[in-house]
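> okay, sequence plus prediction incoming.
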Amino acid sequence: MKAIQGVLLGGVLVVAFLGVASAQSSDPAMSGSASSSVQSSTTAEGQAGTDASLQAIRDRAKHASSKGRAAVDKKLTKISGDIDTQADAKGKATAAGRVAPEFGMTGEALVAESDKFGAGLGEVVIAHTLMANSKTTVTMDQIFALRKDGMGWGQIAQGMNLRLGEVVSAVRSEGKVAQGTAKADGKTAMIHSGSTQASTHAGMGAGVKAGNTGAAGSVGVGAKVGK
C-alpha cells in the first residue's frame, strides 16, 4: 500500500512540475523579458564597438599634418562644389543616379542621405568614397557626426588610415562620374591604407602641388590610383 501511495505522490509531483514549467515557457512577460535582455546586451556591445571605432579615428586624426590636410580639404571643397554645381544645373537626382552604382546604391538613396545630413551631393560622394576604402568600421552617421564636430575631410581621411595623397584623386574620379564626364564602372576609386607617416608625407605632397588639377601624380608624392 505504501508503495502505491509513493507512486501516486511521485506522479502528482511530476505533473505539477511540468505544469509550472509550461506556464513559465508560455508566459509572454517572462519570454519578452529574456528577449529584451539579450537585445539590450547586443545593442550595448554594438555601441561599444562604434565608440571604439570613432575614438580610433579621432586618435589617428591628431597625427595629420596641418599643411597636408589643409591642401586636401581645399581640393575636396573644390571637387564637392563642382559636383553640387552640376547637380543644381542638371538635377540632383540625375547626378546621384550616375554615381550611385559606384557605391552599390540607388540614386534615390544618395539623395535621401544628402537631405538627411543637410549636405550637398558632393560631400555625400566624398563620404562614400572614404567609407568604401576604409578598413575601420564606420557609418555615414558617424562620418557626418565628425564633420559636425569640426573635423575636415583631410582629418577624417587620416583618421580612417587612408593615404591623403590618394584621397583627392579617388574623389575626383567619382566626381567626374557624378558630373557625367566619366562612366560608372560599379567600383569605387581605390585609396590605399597606410601608416601615419606615409599618409602625412602624401598629404604634404598634395599641398605642394595644390595648384595642379591634372592626373594622379598631381595629388601627392607616390600616389597610386586604381579602380
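Thanks, I have it.
> can you give me the helices in the protein?
Assigned by DSSP state H, the chain shows helices spanning 2-26, 28-61, 66-90, 92-99, 107-117, 121-133, 140-148, 153-159, 164-179, 196-208.
> with only the CA atoms kept, save the fourth one in CSV.
Output for helix 92-99, consisting of C-alpha atoms alone and laid out as CSV, is shown next (Å, rounded to 0.1, in the frame of the first residue of the first chain):
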residue,chain,number,x,y,z
LYS,A,92,20.4,66.2,-58.0
ALA,A,93,18.6,63.0,-58.9
THR,A,94,20.3,62.8,-62.3
ALA,A,95,23.8,63.4,-60.8
ALA,A,96,23.1,60.9,-58.0
GLY,A,97,21.8,58.3,-60.4
ARG,A,98,25.1,58.5,-62.3
VAL,A,99,27.4,57.9,-59.4
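> that helix - what's its average pLDDT?
The predicted model gives helix 92-99 an average pLDDT of 97.
> could you do the second one as well?
Averaging the model's pLDDT scores along helix 28-61 yields 62.
> over to the shortest one?
The predicted model assigns helix 153-159 a mean pLDDT of 94.
> run through the neighbouring helices and strands of that helix.
helix 28-61, helix 66-90, helix 121-133, helix 140-148, helix 164-179, helix 196-208 (3 or more CB pairs under 8 Å, 6 or more residues apart in numbering; DSSP states H and E). Backbone N, C-alpha and C define where each C-beta goes, glycine included.
> what's in contact with it?
With contacts defined as CB atoms under 8 Å, 6 or more residues apart in numbering, helix 153-159 is touched by 56-61, 63-64, 68-73, 76, 126, 130, 136, 143, 146-147, 151, 164, 167, 191, 196, 199-200, 203.
> out of those, which end up buried?
Taking 16 or more other CB atoms under 10 Å as the criterion, what is buried in these is 56-57, 60-61, 64, 68-73, 76, 126, 130, 136, 143, 146-147, 151, 164, 167, 191, 199-200, 203.
> was I right to think V72 contacts A170?
No: V72 lies out of contact with A170 (CB atoms under 8 Å); the separation is 11.3 Å.
> neighbouring contacts of stretch 103-114?
Residues from elsewhere that reach stretch 103-114, judged by CB under 8 Å, 6+ apart: 92-94, 96-100, 119-121, 123-125, 128, 132, 140, 186, 188.
> how about it: buried residues?
For stretch 103-114, by 16+ other CB under 10 Å, it's F103, M105, G107, L110, V111, E113, S114.
> let me have those residues in TSV, extended by pLDDT and distance to T181.
Output for these, formatted as TSV (pLDDT from 0 to 100; distance: CB to CB, whole Å):
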residue	pLDDT	distance to T181
F103	97	18
M105	97	20
G107	97	17
L110	97	18
V111	98	20
E113	98	23
S114	97	20
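> show me which of these is closest to M160.
Among these, F103 lies closest to M160 (CB to CB), at 15.7 Å.
> how close does the closest one get to Q86?
18 Å (CB to CB, to the nearest Å).
> I'd assumed L130 was in contact with S193.
No: between S193 and L130 there is no contact under CB under 8 Å: 11.5 Å.
> low-confidence stretches in the chain?
Within the chain, the stretches with pLDDT under 70 are 1-50, 195-227.
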